[in-house]
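**Q** Fold the following, please.
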Amino acid sequence: MFSPQRAMKLLADIWIRRQQCPCGDWKCCISCEGEDQTSINAEVVKSETVPTQLSLESVFTPYVGQIFKSDDDAFEYYSNFARKNGFSIRKARSTESQNLGVYRRDFVCYRSGYNQPRKKVNVEHPRERKSVRCGCDAKLYLTKEIVDGVSQWYVSQFSNVHNHELLEDDLVRLLPAYRKIKEADQERILLLSKAGFPVNRILEVLELEKGVQPGQFPFIDKDVRNFVRTSKKTVEENDKRENELLELLEICKAMAKRDSGFVFDYTRDENGKVENISWAYGDPIRAYSVFGDVVSFETSYCSITFGLLLGVWFGMNNHGKAIILSCALLQEENPHSFSWAVQKFVQFMRGKHPQTILTDIDSGLRDAISKELPNTKHVVCIWHILSKLSSWFSLPLGLQYTNFKVQFDLLWHLEKIADFEHQWDSMVAQFGLASDKHIALLYLYRASWPFSFIRCSFLARTLTVDFFKSLEVFLKRILSAQTCLKIFFEQVSNAANFGIHAKEGMQYLHIKTCMPIEQHAQSILTPYAFNVLQNEIVLSVQYVAREMGNGSYLLQHYKKMDVERLVSWTQEDDKQVNCSCKEFEHSGILCRHSIRVLVLKNYFKLPDKYLLPRWRLQNSLGTVDNAHSQGRSEACAQAFHSLAATLLTESLISHERFNYVHKELSGLLEHVRSMPVVDEFSMDTMTANKVNDP
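**A** Now for the predicted structure:
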């Protein structure tokens, strides 16, 4: 994770998306919202890239046509050459296209070009600074080309002609590009600074300790002064972070006293400072007892102010809505921290392990889940992968990326593992990606993201686009720009309560087929689940069923818009139906193919085993939906539906009747809307009396 102090200069917001690519490379997948991508890339790469072991003596003069694997390798090579020859370099112009990204980079001598005259300030004695730039033409230009699907950089122009004096080694070391303070010297400088030594005395002590002549260090007093100032600022911000975490810890302790259902835990580092904090609320814990079969652990954001990684545990209720189950703030992104977060989550949820867990693609998360939840199916959310494809492949593939994206979309939808393996090899060969590290990463995780590998795993419709977007809405709600962790905690509390107690927005759904199975499901399932099942019931009539023997049926769409499906039905005591599409195993909603066979077998009600408790009305949380009130609501809806159907039939007999009914109903609707809302008890009483009247 790059320095939060440096990131503060880049972004104004507290929370940003995690920077490191899952492949471990900081350079290939960096995305900060609202900022110039090139500048952020350069800053992060500069701080994280490990220099190659290239000595100054082994650097030869660059030449046109010289090839480098990356522009960073070329810059380092040219920089070492410049150091050996008495000058330094800087990055100048870069050229970018929509398809290839940056395809040209210009490196020039540090004295290249001319400074623009500065606007004069209204002071009596303005400070005049002499510019070092003198229009030097020494340069090295790079151009990118793609050979056999692999990008490389070659030197397209090179000039080593300078119009200024080149420096000797004892002077070139003082150029800003080469003035570095070694780590050992940094520690000594900080120790002396804390003891109250001024900068000039610090330099004298270092010279005496190392036996160095005055002025022979590769840095000057200005560098020491800037380093001490920056270090003090870092210490102040670390102290602020520690104070914020302590305040958050006290808030959690106070919350636990007020709410017996609230639980939390934390760890301290070797210095006794608060390291990780995790917490959960009573209502989400109770919700997990019903909807804990599938959870999503979102770790997409980290704090640039406090250097903390945010982990949010989400679930899906029986209305298809995202609910926050628990939160964790972690200091590090490693398997140990992730293992602690998983342990705390299971502990908060009273030891119950989820059946399936969805995460982003991350090796640390994978190791932690494998260790702490060995019997839980780990699924990498495909939407996270799709969001990274452009940053991974658009640059190396160039104009071929669009075609690659189409083939990748088809690939991850395949149902058979053998088909996936075959198409994967074909795609990799076609686009020349055999040596690509991201292709290797995706293939390593293939048991977790392609549909062919997870189609038999229960996911409860958490892979739908709507659910993924609802997670984004929750995260944006709690990650709006804040000034302290206290406000952040309050945002999480509000979002958690909103998710648990929000009323279902979907209204009563009318019957479409009048099939007894549909009416039965309507009385049991939530509107969300019933809407999904109703669509399957409607489409089931479009399939032809041919009996194959042994209770098996071959289902075929009448227009062949679907592949053939094999449905088996057994007559044992636990009569059951199984379809080759595995939709019920995947979502918990019976598929159209199975419904078609059940209708053929004269089923008027769906067996209870195919109406999962997690999709039933009685499992609604945060609303009053006990069995008694449900019965009255259903009776009321059926009475209105019957009356409306009769009224429609009678009004269609003549034009006069229709106009009269339309006019009266419009007036009635306006009158009802203007009526005051009575309390729930009175409404229930009147509804019950009206429906029960003979």
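
**Q** the domain parsing of the protein - what is it?
**A** Split into domains by the TED database, the chain comes to 66-115+131-173, 183-235, 259-380+478-502, 516-619, 626-660.

**Q** wait, which of those is closest to residue 16?
**A** Nearest to residue 16 among those is domain 259-380+478-502; the distance by Cβ to Cβ comes to 5.7 Å. The way it works is simple: take the backbone N, C-alpha and C, and place the C-beta from them, glycine included.

**Q** Any buried residues in the helix or strand residue 385 falls within, and which?
**A** Using DSSP states H and E, residue 385 falls within helix 382-397. Within helix 382-397, the residues scored as buried using 16 or more other Cβ atoms under 10 Å are 382-385, 387-389, 391-397.

**Q** Next: stretch 188-205.
**A** By 16+ other Cβ under 10 Å, the buried positions in stretch 188-205 come out as 188, 189, 190, 192, 193, 197, 199, 202, 203.

**Q** can you tell me which of these are in strands?
**A** Among those, none falls in strands (DSSP state E).

**Q** Which stretches in the stretch 501-650 of the chain count as helices?
**A** All helices of the stretch 501-650 of the chain, identified by DSSP state H, counting those that start in this stretch, fall at 516-522, 527-540, 583-587, 592-600, 627-651.

**Q** coming back round to it: now the domains of the chain in CSV, with mean pLDDT and distance to residue 439?
**A** Output for the domains of the chain, formatted as CSV (pLDDT from 0 to 100; distance: least, Cβ to Cβ, whole Å):
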stretch, mean pLDDT, distance to residue 439
domain 66-115+131-173, 87, 11
domain 183-235, 80, 37
domain 259-380+478-502, 88, 13
domain 516-619, 90, 27
domain 626-660, 67, 52
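
**Q** Residue 243: which of these is closest?
**A** When those are compared by Cβ to Cβ, domain 259-380+478-502 sits nearest residue 243, at 9.4 Å.

**Q** Now residue 111: which helix or strand?
**A** Using DSSP H and E, no helix or strand contains residue 111.

**Q** dump the residue contacts of the residue nearest to it when sequence neighbours are not counted.
**A** Of all residues not flanking residue 111 in the chain, residue 136 sits nearest, at 4.3 Å (Cβ to Cβ, 6 or more residues apart in numbering). By Cβ atoms under 8 Å, 6 or more residues apart in numbering, the contact list for residue 136 reads 108, 109, 111, 112, 162, 163, 164.

**Q** OK, contacts around the last one?
**A** Right, residue 164. By Cβ under 8 Å, 6+ apart, residue 164 lies in contact with 111, 134, 136.

**Q** give me the beta-bridge partners of residue 566?
**A** On the basis of DSSP bridges, residue 566 is bridged to residue 554.

**Q** on that earlier part again, with the buried residues of stretch 188-205 in mind, which one is nearest to residue 524?
**A** residue 190 (68.2 Å).

**Q** Thought residue 229 was touching that closest one, still the case?
**A** No: counting by Cβ atoms under 8 Å, residue 190 stays clear of residue 229, with 11.7 Å between them.

**Q** and the helix or strand harbouring residue 75, which residues are buried?
**A** Assigned by DSSP H and E, residue 75 belongs to helix 71-85. For helix 71-85, the neighbour count (16+ other Cβ under 10 Å) marks 71-72, 74-85 as buried.

**Q** Figure out how far the longest helix that the chain contains is from the centre of its chain.
**A** Assignment by DSSP state H gives helix 221-258 as the longest helix of the chain. Distance, stretch centre to chain centre, for helix 221-258: 27 Å (Cα atoms, centre = their mean, to the nearest Å).

**Q** Packing partners of it?
**A** The contact analysis (3 or more Cβ pairs under 8 Å, 6 or more residues apart in numbering; DSSP states H and E) places helix 221-258 against helix 4-10, helix 183-194, helix 199-210, strand 263-268, strand 274-280, helix 485-501.

**Q** And the second one, how far out from the chain middle?
**A** Centroid separation between helix 183-194 and its chain, computed with Cα atoms, centre = their mean, is 40 Å.

**Q** between it and helix 199-210, what angle do the directions make?
**A** Here the directions of helix 183-194 and helix 199-210 differ by 130 degrees (axes from the mean of the first three to the mean of the last three Cα atoms, to 10 degrees).

**Q** Repeat that for the last one.
**A** Going by the same axes, to 10 degrees, helix 485-501 is angled at 90 degrees with respect to helix 199-210.

**Q** I figured residue 259 was touching residue 280, is that so?
**A** No: taking Cβ under 8 Å as the definition, residue 259 is not a contact partner of residue 280, at 10.9 Å.

**Q** Have a look at those two and say which one is more surrounded.
**A** Set residue 259 next to residue 280 and count neighbours by other Cβ atoms under 10 Å: residue 280 wins out with 25 against 12.

**Q** what pairs with that one across the strands?
**A** residue 263.

**Q** Now residue 185. Nearest residue, chain neighbours left out?
**A** Nearest to residue 185 is residue 206, by Cβ to Cβ, 6+ apart, at 6.6 Å.

**Q** Wait, that neighbour touches residue 187, no?
**A** No: using Cβ under 8 Å, residue 206 is not in contact with residue 187, being 11.4 Å away.

**Q** what about the two, which has more around it?
**A** Neighbours per residue (other Cβ under 10 Å) separate residue 206 from residue 187, with residue 206 holding more: 17 against 10.

**Q** now that one: how far from residue 227?
**A** Distance from residue 206 to residue 227, counting by Cβ to Cβ, to the nearest Å: 12 Å.

**Q** Return every residue with contacts to both of these two.
**A** Joint contacts of residue 206 and residue 227 (Cβ under 8 Å, 6+ apart) are residue 189.

**Q** Nearest residue to the spatially most central residue of the chain in space, ignoring adjacent ones along the chain?
**A** Centroid check for the chain by Cα atoms, centre = their mean gives residue 300 as the closest residue, at 4.0 Å. Excluding its sequence neighbours, the residue lying closest to residue 300 (Cβ to Cβ, 6+ apart) is residue 17, at 5.6 Å.

**Q** Look up how far residue 244 lies from that neighbour.
**A** For residue 17 relative to residue 244 (Cβ to Cβ), the value is 21 Å.

**Q** Looking at these two, which has the bigger crowd around it?
**A** residue 244 (20 against 13).

**Q** Now do the same contact list for the residue lying closest to the more buried one once chain neighbours are set aside.
**A** Nearest residue to residue 244 in three dimensions, chain neighbours excluded: residue 485, at 4.6 Å (Cβ to Cβ, 6+ apart). By Cβ under 8 Å, 6+ apart, residue 485 lies in contact with 244, 245, 247, 248, 306, 329.
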